[in-house]
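Asker: Kindly generate the corresponding structure for this input.
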Amino acid sequence: MEAFDLPLPDMLKCLRKAAKMTQQQVADRLCAITGTFTVTRHEVGRWEQGRVRPTSWLPALAETFEVDLDTLQKAPDRKPPPAPYTVLSDDVEQVSEVLRRTFLRHGIAAAATPALRLHQDRRVIQALDMIGHDNVGDVVDSLGELIDHYALTICALPPANVYDELLTVRSYASGILGCAGPGQPRKDLVLATGWLSQLLAVAACDMGEHAAARVWCSDAERHSREAKHPELAAWSALTKAMVAWYQGQPRQSATLSAQGQEAVPEGTVVHAKLASQEMRAAAMAGEIDRMTLARRRAGKAIAALPADAPVTGAFSIALAEDPPYTATSLLFVGRFKEAVAATNRVIQTVYQPEARQRGEHPSGYARSLLILALAQAGLGHLDESVAAGHAALSGSRPAWPTMVLAGKLDNALAQDFADTRQTANYHSRYMEATTRPSESRLQLSDHGPGEDS
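Answerer: Numbers count the residues shown, from 1 in each chain. The predicted model follows:
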C-alpha cells in the first residue's frame, strides 16, 4: 500500500519516515514555516496517533513533505480503537505491554523481567536491551510514543507505579544517549530524555517526594539547555512552582512562575499555565493587585492558544470559562461565593461526564472538590462542605497535593465547626486516607533524575 492510500495519521508518519525526519524535526520545521512556537513534538505525535486532525497545519505539512495540499486534505481519519487510554485497575500491566509493543514494533529488542513484585501481582519492565547506532532514529520515535502515553496516564495512575515505569525507560534512554554520536538524532534523544525526567518530576511531586522532584526538574532543565528547547525548562519551572505553592511558599511559587513565563512565548500551553499559577500564588500571598494582573495575563495567554491545544494529560491545560486556578485564587482572597461558582463551572466543563471525573484526571477532580469544600466552609455551609470533602477522598489516587488540600479542609472545619458530627466524620475519613500504605518507594537512577480549579 502506498503512503497516499493511508489514513492521514499513517500517511503523515510514512511521509516523515520517507523524509528521514524525526517528530521533533517536523515540529521545528513547522514553526519555521509559520513563524510560531506553538508546534511541539507532542503535537506531531498526537497527529500521527490520530488523536487530533491537524487541519490548520495541513498547508505547512504539505510544504514540509513536498506533497500536494489536496492529498492531505482528502486523506481520511483513522478509525479510533476502542477506549485506547481507559484507565483500569491493572493499568500498570497495560503500560508494560505498551512498552513491549512499542519497542518491538520498531525492531528493538525488549526484555521484560518479571522479578520485582511492586503492588500485588503487578510487574514492570526491568531492562530494555541496548541497540545499535543505526537505530537511534527509531529509538527517538519509540520514546516519543511512550512519553505521549505517560503524559496521558500519569494523571490517573498511582504515582509510584508510574514512577517505576518511567525510571526504567529513563535509564534505558540514558544508555542509548551515551552511545549516540553527534547530530540531530542525538539532539532529539537529549530532548526525549529530558521529557522523561520532567515526567519523573511530576510523579515524584505527586508522591510528596519534593527533593527528588527538584532533582528531576534540574535534570530536565539541563537537557532543555543542551537541546536548546526552552519549553521543557518552562514545564520544570511550573512543577517547582507548584511544589512551592503546596508547601505554603507562595512568593517563591510566584517568582518561579514569572521566571518560567519569560522563557517561553504566548501561544504555548505552559506559558498560560505559568500565568495561572502566578495568579493563585499571588492570591495565597495576599497580593491582590498581582493576582489581578496575573489573571489578566493568563486570560490573554489562553486566548492566544491554538484551537487544538491539548486539554488532557500532564502537558495540557483545562479550558473553561475562567483561567485555571481562578477558583483557588478567589478562595484565598476571601471571595467564597465567587469561588463556589467558579469551581462548579470547572467541574461541569472539565470533569463531566463521570468517565472523565475518575478516568483521565481523578486527582484534579478531587482537588476541585476540595476547593469547593473550602469555599462552602467559608460561606458557613457545613453540610455542602463536608459532602464535597467526602467525595474528594473517595477516589483511589490520593496524591500529595490532594492530601494537602484535604488537610486544609480538616483544619477549617475544626476551627469553624468544632464539636459537630459532620466535622468528626470528615476528620475520621481524612485520617483514614492519610494512613493508607505509602506508595513512595522512590529511587533515583545513577543517571540523575495536573489540574485543579
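
Asker: Pull the contacting residues for G334.
Answerer: G378 (C-beta atoms under 8 Å, 6 or more residues apart in numbering). To be clear about C-beta, it is placed using only N, CA and C from the backbone, and glycine gets the same treatment.

Asker: try 10 Å this time
Answerer: Contact analysis of G334 by C-beta atoms under 10 Å, 6 or more residues apart in numbering lists 283, 286, 288, 378.

Asker: Over to D70?
Answerer: Taking C-beta under 10 Å, 6+ apart as the test, what D70 contacts is 58, 62.

Asker: Confirm that it sits in a helix.
Answerer: Yes. Judged by DSSP: H, G, I helix; E, B strand; the rest coil, D70 forms part of a helix.

Asker: Per-residue pLDDT of it, please?
Answerer: Looking at D70, its pLDDT is 90.

Asker: Could you do Y163 as well?
Answerer: At Y163, pLDDT is 91.

Asker: That one touches D206, doesn't it?
Answerer: Yes. Y163 is within contact range of D206, at 8.7 Å (criterion: C-beta atoms under 10 Å).

Asker: sorry, back to before: between the contacts of G334, which has the most around it?
Answerer: Neighbour counts for the contacts of G334 (other C-beta atoms under 10 Å) peak at A283, which has 27 neighbours.

Asker: so what secondary structure elements neighbour the one helix or strand that residue maps to?
Answerer: A283 belongs to helix 269-284 when assigned by DSSP states H and E. Packing contacts for helix 269-284, counted by 3 or more C-beta pairs under 10 Å, 6 or more residues apart in numbering; DSSP states H and E, involve helix 230-246, helix 250-263, helix 288-303, helix 326-332.

Asker: What mean pLDDT does that helix get?
Answerer: 97.

Asker: Could you tell me the angle between it and helix 288-303?
Answerer: Calculated by axes from the mean of the first three to the mean of the last three C-alpha atoms, to 10 degrees, helix 269-284 forms an angle of 160 degrees with helix 288-303.

Asker: How far off centre is helix 269-284?
Answerer: Remark: helix 269-284 is offset 16 Å from the chain centroid, using C-alpha atoms, centre = their mean, to the nearest Å.

Asker: just stretch 295-314 next, same as before
Answerer: 14 Å.

Asker: which among the contacts of G334 gets closest to P76?
Answerer: Distance to P76 across the contacts of G334 (C-beta to C-beta) is lowest for A283, with 47.5 Å.

Asker: OK, contacts around that closest one?
Answerer: 250, 254, 290-292, 294-295, 325-326, 328-335.

Asker: Narrow the residues you listed to just the buried residues.
Answerer: Burial by neighbour count, 16 or more other C-beta atoms under 10 Å: within these this picks out 250, 254, 290-291, 294-295, 325-326, 328-333, 335.

Asker: Tell me which two in the residues you listed are the farthest apart.
Answerer: A254 and R335 (18.9 Å).

Asker: about what we covered before: nearest to Q261 among the contacts of G334?
Answerer: Of the contacts of G334, the one sitting nearest to Q261 (C-beta to C-beta) turns out to be A283, at 16.9 Å.

Asker: Next up, the contacts around the residue lying closest to G248 once chain neighbours are set aside.
Answerer: What sits nearest to G248 in space, not counting adjacent residues and going by C-beta to C-beta, 6 or more residues apart in numbering, is M284, at 7.9 Å. Listed by C-beta under 10 Å, 6+ apart, the contact partners of M284 are 245, 248-251, 253-254, 291, 328-329, 331-333.

Asker: Export those residues as TSV, with columns for pLDDT.
Answerer: Output for the contacts of M284, formatted as TSV (pLDDT from 0 to 100):
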residue	pLDDT
W245	95
G248	94
Q249	97
P250	97
R251	97
S253	98
A254	98
M291	97
T328	96
S329	97
L331	97
F332	96
V333	97
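
Asker: Show me where the protein has its strands.
Answerer: Counting by DSSP state E, one finds no strands in the chain.

Asker: tell me which helix or strand of it sits lowest on mean pLDDT?
Answerer: Least confident helix or strand of the chain, by mean pLDDT, DSSP states H and E, is helix 354-358 with a mean of 44.

Asker: what residue ranges in the stretch 151-300 of the chain score low on pLDDT?
Answerer: In the predicted model of the stretch 151-300 of the chain, residues 181 satisfy pLDDT under 70.

Asker: 80 - rerun?
Answerer: Judged by pLDDT under 80, the stretch 151-300 of the chain has its weakly predicted residues at 155-157, 176, 178-185.

Asker: could you list every residue that touches the nearest residue to A254 once chain neighbours are set aside?
Answerer: In this structure, A254 finds its nearest non-sequential neighbour in A281, 3.8 Å apart by C-beta to C-beta, 6+ apart. Contacts of A281 were listed using C-beta under 10 Å, 6+ apart, and they are 241-242, 244-245, 249-258, 287, 290-291, 294, 325, 328-329, 332.

Asker: Please determine how far W400 is located from A307.
Answerer: Counting by C-beta to C-beta, to the nearest Å, the gap from W400 to A307 is 34 Å.

Asker: between the two, which one's more packed in?
Answerer: W400 (19 against 7).

Asker: so how far is A342 from the residue nearest to that one when sequence neighbours are not counted?
Answerer: Closest residue in space to W400, ignoring its immediate chain neighbours: G208 at 3.4 Å, by C-beta to C-beta, 6+ apart. From G208 across to A342, the span is 27 Å (C-beta to C-beta).

Asker: How about D206?
Answerer: For D206, the distance to A342 - C-beta to C-beta - is 24 Å.
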